[in-house]
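Student: what's the 3D shape of this:
(2 chains, ligands or ions: 2)
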There are 2 protein chains.
Amino acid sequence: MSIANFRADLGDIPVEDRPRLVQQRSRDHYWYSPILKEKLENVTAEIVVSPRSVEEVKTVLAAAYRHNVAITPRGAGTGNYGQAMPLAGGAMLNLMNMDKVLEIKPDRVRAQAGAVMEHIDQQTRAAVGGELRFHPSTYRMASIGGFVAGGSAGVGSIRWAGLRAFGNILGLKVITCEETPRELDLVGKDILKVAHAYGTNGIIVEVEMPLTQSYDWVDVMVGFDDYLDACRFAEAVGHQDGLLVKEVAACAAPIPETYFTRHKTYVRPGQSAVLLMVAPVAVDAMMVFIDHHKGEVLYRSDTASEEERKRLPPIYELAWNHTTLRALKVDPTITYLQTRYPSVAHIKTIMDILGDELPMHVEVARQDGKVAFAGLPMVRYTSEERLEEIIRIHEENGCAVFNPHRYTLEEGGMKRTDRAQLDFKREADPLGILNPGKMIAWNDPDFDFESGRIWLFSGLAPAGA
Amino acid sequence: MSIANFRADLGDIPVEDRPRLVQQRSRDHYWYSPILKEKLENVTAEIVVSPRSVEEVKTVLAAAYRHNVAITPRGAGTGNYGQAMPLAGGAMLNLMNMDKVLEIKPDRVRAQAGAVMEHIDQQTRAAVGGELRFHPSTYRMASIGGFVAGGSAGVGSIRWAGLRAFGNILGLKVITCEETPRELDLVGKDILKVAHAYGTNGIIVEVEMPLTQSYDWVDVMVGFDDYLDACRFAEAVGHQDGLLVKEVAACAAPIPETYFTRHKTYVRPGQSAVLLMVAPVAVDAMMVFIDHHKGEVLYRSDTASEEERKRLPPIYELAWNHTTLRALKVDPTITYLQTRYPSVAHIKTIMDILGDELPMHVEVARQDGKVAFAGLPMVRYTSEERLEEIIRIHEENGCAVFNPHRYTLEEGGMKRTDRAQLDFKREADPLGILNPGKMIAWNDPDFDFESGRIWLFSGLAPAGA
Ligand SMILES: Cc1cc2nc3c(=O)[nH]c(=O)nc-3n(C[C@H](O)[C@H](O)[C@H](O)COP(=O)(O)OP(=O)(O)OC[C@H]3O[C@@H](n4cnc5c(N)ncnc54)[C@H](O)[C@@H]3O)c2cc1C
Ligand SMILES: Cc1cc2nc3c(=O)[nH]c(=O)nc-3n(C[C@H](O)[C@H](O)[C@H](O)COP(=O)(O)OP(=O)(O)OC[C@H]3O[C@@H](n4cnc5c(N)ncnc54)[C@H](O)[C@@H]3O)c2cc1C
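Tutor: Numbering: from 1, shown residues only, chains lettered A, B, ... in the order given. Ligands and ions are numbered 1, 2, ... in the order given. All right, here's what the predicted structure looks like:
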């Protein structure tokens, strides 16, 4: 591997090699996890390359192949499992210069991988009154390519389930890392080979996504004295097929009063909050429904003053991983878990055992046609051992955990690496230099796809190993 | 009650009193049921009144109140429980002259009660690219007021659940039957007082409904050799949150080959069929999903010839109550039931017991946030006793039945009359002359709202009794 020779083959493609800047670009939001923070602190690439076109991406990948240089793709770097961190050094491939929206139709949009989701929506709203089905709470920063390669679900999942639910991605254009890189247009089942593969088996350069009708969503915050009532209400909203919502989350006290810095004036001490995004057409019915559940409307954006609306972040920036982010800003010892709670009773059990060590936060989302609690509870972190114990307590009580303190595809458990993904890597990245170290199955010939057990990857492997 | 005096008070409001025509207009699709057919055969009003404005409706209702004349509202008369039949004679109130679309916004439409649903959609599609969330399969004939007053669910319920799910109706303008009829604008919870009340407690003159994004839905018919595989596939489609569909139904052999007169050339003998309406944006993914379930695509409208598309009815006219209608045209002895099957295993149990006496047909629809099988099995009718036995067999095997062979609100079991509906009738119809005989609770002071049992109404009550 020779970075100098690699670089010499890049022509006028923009590069950056000042170590401080390269290290900055070698990081994502891995610091969400105290464990990853320790493990990945010193990881850095040697160079950042920022192609401006598909042709330039091909040039970069051909050069990487020739010189055996590890390539780690990067969108906005908002992933929070260290997915975009260059374990084997080499080059960061920054996609953010490829940010054009290519085509808008009434029911779909095609964009370059580096397009920021908020920018896509601005253009599709103006052109056809449509918007993306969902987005992560990092909507205003994250790239569509990074979401497809590294994300899972988000605002809109109450209606459309997860990103990888069939039909939620229409097409991907992927560049392979070979002597002569190829352009592959993946549709149908083939999309799943590359979605949520952390860029280990191809560089996504274009994404085609379905659009849905856009609304001026109304932010609503509802207060409950009892968090379990808040959960029951949130679940009931999810079951109301006629009430059009884009976001439903429930945050237990003391989260709202302590960490929602700008919204906390609306919250009484001890109050838990349900966060909603409601279509204007559903607001009247929602108010009746809130009343029926004895909730207290703490804030609604449609009747708020201009000044209030300017001062407050959108409510989705209190939800999903932003809930933890807000807490982290106040208390840097906080981290979180990703869980699944089969019922309100399960939430109660876990809260009874763990109390204030685990300030509870759940998202209500569809999964396989069912309304489910996707837990993102905060954890007042003390040690790795205790975190493992908290995970065990969850599992022993019938609550699955998808460990966000792991940087490999397999260990995160958000999606089992399947043979199709591995096979595709053999085809698209024969040298194994795309985001090396993130797919355990690549490195372990005895990998058991069926085990379903949580893998603990041993260390940082060199490129191509 | 004096029809002559009533008539004299109507001014130039159009009326019809030729007995043959009045009797025609006194009928709905009650003949779907051999039992109702016998019971209601001789029911007729004495006059049909066809107001053209809200003011004229008030004039009619004031005159009815003054002269104690029973008033039975009627849209297109496609209801099939005899709901629109004038048990106590008097006047039919024909709403079909009030058919204007009053206001279209991007997310909602307001129309007069007599507007035909297909006409509403034509206008909202042209104006804002929106369409009603759902419609009965009688879309091309039925009025929006008749649907709200007498319907339940339909094409679109796979996404939006039933008509009375909260948020699916935004507002109703209702005229009371008093000395001086009042105009009431019902919103929120109050809507449920009048929705599915068969017009017993107020005349709906305007309806406001939410719109959703319109599509050129693609009709798809999928063949399966085993009906239970068809059901499994249909349920799985319902669980795919990313696959946007408007209709999912499964019809067992020999229904497709025998009764789908114009589609049957696509069907092999013994084949069961799943009927789908798929958004264009979901068609590619659906084809993969069909293949995954080993279904056979028998017909798809997006690749059919112009000639084929002209020749064939839309696929929703093979679904919901149209499945039975198509069978009735071939074999007049056929009738049907309305059931709920908790699982495919329940469907199997019932089919094993009843065999060809009950050609199976299920609709897949959401209900309270869950995907469920709404059964509309056909019944090869022999006698009322046997029909009751088939109902009993269902109930004994854990499958609820909503008896479509009853013309009262309570007995149909589609919706329990609640106290709010009765209280509202006291207010809006103090004489009890609106569609008399359809609300048991009105006539029976001891009516037990909580019993939940199926009521068998004793006979035809005179107006105001
Ligand atoms: C506060 C906060 C809130 C969040 N909320 C959510 C949420 O609601 N839902 C959710 O799913 N995630 C969430 N995340 C995680 C993350 O923000 C999203 O998944 C986001 O979409 C990632 O986009 P990005 O452009 O930042 O990708 P990056 O972080 O740059 O990359 C993500 C992964 O994809 C790979 N990659 C990037 N671009 C490409 C490409 N073009 N081709 C191939 N591989 C590529 C990277 O190597 C990396 O493995 C959140 C994170 C934070 C910090
Ligand atoms: C082949 C076939 C298929 C069908 N499919 C479906 C289906 O998919 N889903 C479904 O829900 N139904 C279905 N139905 C039943 C019926 O077609 C629908 O409910 C339809 O919407 C009724 O509309 P209409 O205008 O024909 O009403 P009508 O039959 O005229 O009236 C229905 C009821 O409402 C009352 N009413 C009518 N207008 C008013 C008003 N303005 N104010 C107060 N009360 C009023 C009547 O008195 C009567 O009780 C079907 C029927 C048939 C025959």
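Student: which residue does the stretch 1-150 of chain A bring closest to chain B?
Tutor: Closest contact between the stretch 1-150 of chain A and chain B, by Cβ to the nearest Cβ, is at A:Asp107 (4.3 Å). No exception for glycine: its C-beta is placed from N, CA and C like everyone else's.
Student: Is it correct that that residue is in contact with A:Gly130?
Tutor: Yes. With contact defined as Cβ atoms under 8 Å, A:Asp107 counts as touching A:Gly130 (7.1 Å).
Student: So which of these two has more stuff around it?
Tutor: Between A:Asp107 and A:Gly130, A:Gly130 has the larger neighbour count (other Cβ atoms under 10 Å in any protein chain shown), namely 24 against 20.
Student: list the contacts for the more buried one?
Tutor: Residues counted as contacts of A:Gly130 (Cβ atoms under 8 Å, 6 or more residues apart in numbering or on different chains) are A:Ile104, A:Pro106, A:Asp107, A:Val109, A:Thr124, A:Leu211, A:Thr212, A:Gln213, A:Ser214, B:Gln213.
Student: please redo it, this time with the cut-off set to 6 Å
Tutor: A:Gly130 makes contact with A:Thr124, A:Leu211, A:Ser214, according to Cβ atoms under 6 Å, 6 or more residues apart in numbering or on different chains.
Student: Of these, which count as buried by neighbour count?
Tutor: Buried residues within the contacts of A:Gly130, counting neighbours by 16 or more other Cβ atoms under 10 Å in any protein chain shown: A:Thr124, A:Leu211, A:Ser214.
Student: returning to what we had before: quick check: the residue of the stretch 1-150 of chain A closest to chain B vs A:Val155, distance?
Tutor: Counting by Cβ to Cβ, to the nearest Å, the gap from A:Asp107 to A:Val155 is 20 Å.
Student: Equivalent analysis for A:Val194, please.
Tutor: Distance from A:Val194 to A:Val155, by Cβ to Cβ: 23 Å.
Student: With A:Pro34 instead?
Tutor: 27 Å.
Student: Out of the two, name the residue with the larger neighbour count.
Tutor: The neighbour comparison of A:Pro34 against A:Val155 (other Cβ under 10 Å) goes to A:Val155, with 28 against 19.
Student: Show me what the more buried one bridges to in the sheet.
Tutor: Applying DSSP bridges to A:Val155 gives these bridge partners: A:His135.
Student: show me where the stretch 351-465 of chain A has helices.
Tutor: All helices of the stretch 351-465 of chain A, identified by DSSP state H, counting those that start in this stretch, fall at A:384-396, A:409-412, A:419-428, A:440-443.
Student: Of all those helices, which one comes closest to chain B?
Tutor: Taking Cβ to the nearest Cβ, helix A:419-428 is the member of the helices of the stretch 351-465 of chain A nearest to chain B, at 13.3 Å.
Student: After the top strand by length along chain A, which helix or strand is next?
Tutor: For chain A, the strand with the greatest residue count under DSSP state E is strand A:203-213. Of the helices and strands lying after strand A:203-213 in sequence (DSSP states H and E), the nearest is strand A:218-224.
Student: who does that following strand pair up with?
Tutor: strand A:272-278 (antiparallel), strand A:296-300 (antiparallel).
Student: Give me the contacts around it.
Tutor: Strand A:218-224 has contacts (Cβ under 6 Å, 6+ apart) with A:230, A:271-276, A:278, A:283, A:290, A:295-302, A:315.
Student: residues of it that come out buried?
Tutor: Neighbour-count burial for strand A:218-224 [16+ other Cβ under 10 Å]: A:Val218, A:Asp219, A:Val220, A:Met221, A:Val222, A:Gly223, A:Phe224.
Student: Same list, those residues, but as CSV with distance to B:Phe402 and pLDDT please.
Tutor: As requested, the buried residues of strand A:218-224 are exported to CSV (distance: Cβ to Cβ, whole Å; pLDDT from 0 to 100):
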residue, distance to B:Phe402, pLDDT
A:Val218, 36, 98
A:Asp219, 39, 98
A:Val220, 35, 98
A:Met221, 39, 98
A:Val222, 34, 98
A:Gly223, 39, 98
A:Phe224, 35, 98
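Student: and of those, the nearest to A:Ile433?
Tutor: Using Cβ to Cβ, A:Asp219 comes nearest to A:Ile433 of the buried residues of strand A:218-224, at 44.4 Å.
Student: Pop out the phi and psi values for the nearest residue to A:Tyr381 once chain neighbours are set aside.
Tutor: Excluding its sequence neighbours, the residue lying closest to A:Tyr381 (Cβ to Cβ, 6 or more residues apart in numbering or on different chains) is A:Thr335, at 4.7 Å. Main-chain torsions, A:Thr335, degrees, to the nearest 10: phi -140, psi -160.
Student: Can I take it that A:Val237 is in a helix?
Tutor: Yes. Judged by DSSP: H, G, I helix; E, B strand; the rest coil, A:Val237 forms part of a helix.
Student: Can you give me the pLDDT of it?
Tutor: The score at A:Val237 is 97. That number is its pLDDT.
Student: Touching, it and A:Glu247? I think so.
Tutor: No. Contact status for A:Val237 versus A:Glu247: not in contact, 10.1 Å apart, counting by Cβ atoms under 6 Å.
Student: Domain map for chain A?
Tutor: Domain assignment for chain A by automatic domain parsing gives A:101-213, A:218-401.
Student: any idea whether A:Gly162 is helix, strand or coil?
Tutor: With three-state DSSP as the basis, the three-state label of A:Gly162 is coil.
Student: and it, how far is that from A:Ala372?
Tutor: A:Gly162 is 10 Å from A:Ala372, by Cβ to Cβ.
Student: One more: A:Ala127?
Tutor: Applying Cβ to Cβ, the value for A:Ala127 to A:Ala372 is 34 Å.
Student: what's around A:Ile13, how many residues?
Tutor: The tally of other residues near A:Ile13 (other Cβ under 10 Å) stands at 19.
Student: do the same with A:His67
Tutor: Look at A:His67: counted by other Cβ under 10 Å, it has 19 neighbours.
Student: same thing with A:Phe134?
Tutor: Counted by other Cβ under 10 Å, the residues lying close to A:Phe134 total 26.
Student: Same question for A:Gly369.
Tutor: 18.
Student: hang on, it packs against B:Ala372?
Tutor: No. Using Cβ under 6 Å, A:Gly369 makes no contact with B:Ala372, being 10.6 Å away.
Student: Skipping its backbone neighbours, what lies nearest A:Leu170 in space?
Tutor: In space, A:Leu170 is closest to A:Glu208, 4.2 Å off (Cβ to Cβ, 6+ apart).
Student: quick one: contacts for that neighbour?
Tutor: Contact analysis of A:Glu208 by Cβ under 6 Å, 6+ apart lists A:Arg110, A:Leu170, A:Gly171.
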